[in-house]
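In: need the 3D shape of this:
(2 chains)
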Amino acid sequence: MRTKQILLALLTLLVGSSLMFAGTVSGKVTYTGTPAKQKAIDMGKEPSCAKQHATPVLNETVVTGPDSALDNVVVYVSSGAPDDGQVPSQAVTYEQKGCQYIPHVLAMHVNQELKITNDDQTSHNIHPLAKVNQEWNKSQPPGTPPIVEKYTKPEFISVKCNIHPWMHGWFVVLNTNHYDVTKGGGDFKLPNLPPGKYTITAWQEDYGTQTADVTITGNETKDVNFTFKAKAY
Amino acid sequence: MRFISSSLFTAILGCACAAGFTSLASAQDVPEVGPKPPLAIKTMESHIGNITGHSTSDNARYDYRRFCAGCHGVAGDGNGENAVWLDPKPRDFTIATFKCRSTLTGTLPTDEDLFKTIGRGIANSNMPVWNTISNQERADLVAYIKIFSPRWDKEKAGTPITIPPEPPVTLESISHGKALFTKLECWKCHGPHGEGDGPSASTLTDSKDNPIRPYNFAVAGNDSRFKCGSTNQDIYKIFMTGVDGTPMPSFADVIQPNDAWDLVHFLRTLQVHRKSKENEVLSAAHGVIPPYVDKTPRPSAAQADNKSSGGGQ
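Out: Residues are numbered from 1 along each chain as shown, chains lettered A, B, ... in the order given. The predicted model follows:
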C-alpha cells in the first residue's frame, strides 16, 4: 500500500515535471552595416492597386525596424525539438492586397492548411516556385473563393505573381511548431520548450541563415540574439 | 634468301596481327566514348496502351544517350552540351515539372502525356518531332526519364481531367469567349489581340527565371501551333491544367467546362491566319464579334418583376 502510494507520487512528479518545466528562447534579430536601399515599386501598370497606396510601397526583400532591427526573419528550432508532428488545425492565411503579399513571409507547419485570398480588383496568379514540394500555378480572379492548399515537405518556397512582377513573397514550410517571424522590432519568442538541447536557426531571405545552440534546463528564458551582416546591394 | 625473308616477313606480320587481335579481344566491349551514363539506373516502368516501357532496357539507355542527352543532359537536368544555345531551355527532369499534361497543375503527367510529347515534339522550341523511333523505344524513354526525379518513386500521376464534348461553334460561343478573355484578364499577358504583347508580357519569366514570352496567337501562316498539341481539346487542356514551369496558370478552379469551350472558340479566332470553323463563323458575321449578352435567367429579376407588378396595383 505504501509502496503503491510512493510509486504514484513519483509518477505524478515525473509527469508533472515534464509539464512544469518549459523554457523559452527569445531575443532580437539585428543587422550591422548599411542595408541596400529598398526600391519603391511602380504599380503604374495596375492602377487599381496603385491607388491603394498613398506613397509607393517599398520592395520587401530587406525590412528593417528601429535600432537596427531586422524584420521578416524566420526563427525556428531546427533540431532538438521533440517533433510535435502536430499539425495545427487552424489554417494560415496569405492575402493578396494592394498587389502585395501579406504577410511577406508566411511560416507554416508541414501539412497545415494554407488559405490564399485575393482582396484586389484584379486577377492574380499565385505561383509558388516549389522545388521539393509540387510546383503549381493557379489563377485567382477577384471575387473567387480562397485557394486552399498544403505542403507536405519542409521547404523555403519563393512565391510570385507572373501578372504583377513586383509581387514577391515566401512560404516557409517547417516540420516544427516552434517558430516565430520577427516583426516591427526584430523580436522573436519561442516558448514551451521542454528541457533539452536545441539548435535555433534564423533565416532572412537575402542574408541567409545563422544558427545558435541553446540548452534549456527548466523554466528559464534564454536570451539568444542574431546579427546579420547587411549587404550593400 | 629472298624466299626466306618473305616468309619470315609473313610470319612476323602474322604474329603481329595475332598479337593485335588478342589485345582487342581483351579490351572492353563498349567503347569509351562520350559522357558516361549514370551507373545505376532505377528500375522504372511506363505503361501506354498495351506497351510497357523499361528504364533498364538497352533501347532506353542507348536512345537517351544518342537522342536526348545532348540537350537534356546525361543527368537529365536540362544541362546538355547544346543547352547553352537553346531558348526555351530543355526540360529539367530532376524537378519533374512538365508543361504538356492532361493532369491538374502541380501533379505528375501520365505516361501517355509524356509519350505524346516525345512523339509530337514541342512547337516553337528545339524539341523535335520524334517520329523516327518505334513506339516501344518511345515507351522505354518515358520510363527512363523517370529515373531522374525522386517524385516518381512515391507520387502517382495525377488524374487526367475530363474533357466534356465540344459544343457547336456559334457566334454566341465566340462572343462569350471574348467576354471571358477580358474578364479572366488573359490580355494582361497575351494582349488584347492575343499577340503576346500584353502589359505584363515583357516581364514574364519561367520558373527558372529565364525570360519567356506568352503565346502569340496571330503568328503568320496556317502554321500557328500550340506547344501541347493543335486540336481544340489540346487548347482546352492548356488552361485547365496550366503550363507548369511557366507563367501560364491553371484556370480549372475559376472556369466552368462550357465556358472553357467558349474561350477555346474565341481563341481560335485570334489565330487570324489560320483556317478554322471558328474563323468561318466569324467571317460570316463580317468579322464582328457582338458583345456578350448573358441570357442566364436571374432569380432576383423575376422577384423584382413580381414586386413591381404588385406595387403597381
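In: what bits of chain A have low per-residue confidence?
Out: A:1, A:9-20, A:83-84 (pLDDT under 70).
In: what does it have sitting close to chain B?
Out: A:45, A:122-123, A:125-127, A:129, A:131, A:134-141, A:144, A:147, A:162-165 (Cβ under 8 Å from any Cβ of the partner chain). Quick note: C-beta positions are derived from backbone N, CA and C, even for glycine.
In: what's the closest non-adjacent residue to residue B:45?
Out: residue B:143 (5.4 Å; Cβ to Cβ, 6 or more residues apart in numbering or on different chains).
In: which helices and strands does the one helix or strand the one you found maps to pack with?
Out: Applying DSSP states H and E as the criterion places residue B:143 in helix B:135-145. Helices and strands touching helix B:135-145, by 3 or more Cβ pairs under 8 Å, 6 or more residues apart in numbering or on different chains; DSSP states H and E, are strand B:45-48, strand B:51-54, helix B:58-63, helix B:111-120.
In: neighbouring contacts of that helix?
Out: B:41, B:44-46, B:48, B:51-55, B:57, B:59-61, B:63-64, B:67-68, B:72, B:76, B:93, B:111, B:114-115, B:118-119, B:130, B:133 (Cβ atoms under 8 Å, 6 or more residues apart in numbering or on different chains).
In: ok, then the element right after that helix?
Out: helix B:151-154.
In: only alpha carbons, please: show that following helix as CSV.
Out: Taking Å, rounded to 0.1, in the frame of the first residue of the first chain, the C-alpha atoms of helix B:151-154 are listed here in CSV:
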residue,chain,number,x,y,z
ARG,B,151,9.0,12.3,-57.2
TRP,B,152,8.2,9.3,-59.5
ASP,B,153,9.1,6.9,-56.7
LYS,B,154,6.2,7.7,-54.4
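In: ok so, going back, what confidence value was assigned to the residue nearest to residue B:45?
Out: pLDDT, residue B:143: 96.
In: who wins for proximity to residue A:70 among the helices and strands packed on helix B:135-145?
Out: helix B:111-120 (45.2 Å; Cβ to Cβ).
In: out of the residues of chain A next to chain B, which sit inside strands?
Out: A:125-127, A:129, A:138-140, A:147 (DSSP state E).
In: tell me which other helices or strands whichever helix or strand residue A:227 is part of touches.
Out: If you go by DSSP H and E, residue A:227 is part of strand A:226-229. Judged by 3+ Cβ pairs under 8 Å, 6+ apart, the packing partners of strand A:226-229 are strand A:23-32, strand A:196-204, strand A:208-216.
In: one more time with 6 Å
Out: strand A:23-32 (3 or more Cβ pairs under 6 Å, 6 or more residues apart in numbering or on different chains; DSSP states H and E).
In: gap between the next helix or strand after the strand it packs on and the chain center?
Out: As assigned by DSSP H and E, the chain's next helix or strand after strand A:23-32 is helix A:47-50. Relative to the chain's own centre, helix A:47-50 is displaced by 28 Å; criterion: Cα atoms, centre = their mean, to the nearest Å.
In: and stretch B:96-108, how far out from the chain middle?
Out: For stretch B:96-108, the distance to the chain centre is 9 Å (Cα atoms, centre = their mean).
In: same question for stretch B:99-114.
Out: The mean C-alpha position of stretch B:99-114 is separated from the chain mean by 9 Å, Cα atoms, centre = their mean.
In: pLDDT of it, averaged?
Out: The model assigns stretch B:99-114 a mean pLDDT of 96.
In: residues making contact with it?
Out: A:134, A:136-137, B:46-48, B:98, B:117, B:142, B:155, B:157-158, B:160, B:228, B:237, B:241-245, B:250 (Cβ atoms under 6 Å, 6 or more residues apart in numbering or on different chains).
In: wait, a strand at residue A:191?
Out: Yes - counting by DSSP: H, G, I helix; E, B strand; the rest coil, residue A:191 is located in a strand.
In: identify the residues contacting it.
Out: Taking Cβ under 6 Å, 6+ apart, one finds residue A:24 in contact with residue A:191.
In: again, but for the one 3 residues further on
Out: When contacts are counted by Cβ under 6 Å, 6+ apart, residue A:194 touches residue A:22.
In: give me phi/psi at residue B:235?
Out: phi -70, psi -40 (degrees, to the nearest 10).
In: of the contacts of helix B:135-145, buried ones?
Out: By neighbour count, with 16 or more other Cβ atoms under 10 Å in any protein chain shown, the contacts of helix B:135-145 hold B:41, B:44, B:46, B:48, B:51, B:53-55, B:57, B:59-61, B:63-64, B:67-68, B:72, B:76, B:93, B:111, B:114-115, B:118, B:130, B:133 as buried.
In: look up phi and psi at residue 41.
Out: Let's take chain A. phi -90, psi 130.
In: nope, chain B please
Out: Dihedral angles (degrees, to the nearest 10) for residue B:41: phi -110, psi 120.
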